[in-house]
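Participant: sequence first, predicted coordinates after that:
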Amino acid sequence: MSRQAATEALWVAFCFNEIARVADALGWEIPDAAGFSASAKSLLSFGYLLPFHQGPPAPNRPG
């Protein structure tokens, strides 16, 4: 294993650990099968964009 691969593996482990700690601190739990199904339907319909989000403002274009 190269040094870069080892470094990247450590970063992945670190980030996963941090996410797990935040989830535990906030009391989040793994959803049941119905929760996963509802999440899948939402992601298939909207992607990661929330349904009430209007999107970014249009860029100012001259002309």
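Facilitator: That came through fine. Numbers count the residues shown, from 1 in each chain.

Participant: pLDDT of stretch 10-17, averaged?
Facilitator: The average pLDDT within stretch 10-17 is 96.

Participant: quick one: it to chain centroid distance?
Facilitator: 15 Å (Cα atoms, centre = their mean, to the nearest Å).

Participant: now the element after the helix ranked longest in the chain, going C-ward?
Facilitator: Longest helix in the chain, counting residues (DSSP state H): helix 3-26. Sequence-wise, the next helix or strand downstream of helix 3-26 (DSSP states H and E) is helix 33-46.

Participant: re the thing from before, which residues sit against the longest helix of the chain?
Facilitator: M1 (Cβ atoms under 8 Å, 6 or more residues apart in numbering). C-beta: built from backbone N, CA, C; applies to glycine.

Participant: give the buried residues for that helix.
Facilitator: Residues of helix 3-26 classed as buried by neighbour count (16 or more other Cβ atoms under 10 Å): none.

Participant: going forward can the numbers begin at 158, since that is how I track them
Facilitator: Yep, numbering from 158; the last one is helix 160-183 now.

Participant: leaving out chain neighbours, which residue sits closest to S196?
Facilitator: P188 (6.9 Å; Cβ to Cβ, 6 or more residues apart in numbering).

Participant: hmm, that neighbour is touching A197, no?
Facilitator: No: the criterion here is Cβ atoms under 8 Å, and P188 misses it with A197 at 10.6 Å.

Participant: show me the shaky parts of the chain.
Facilitator: Along the chain, the parts satisfying pLDDT under 70 run over 207-216, 218-220.
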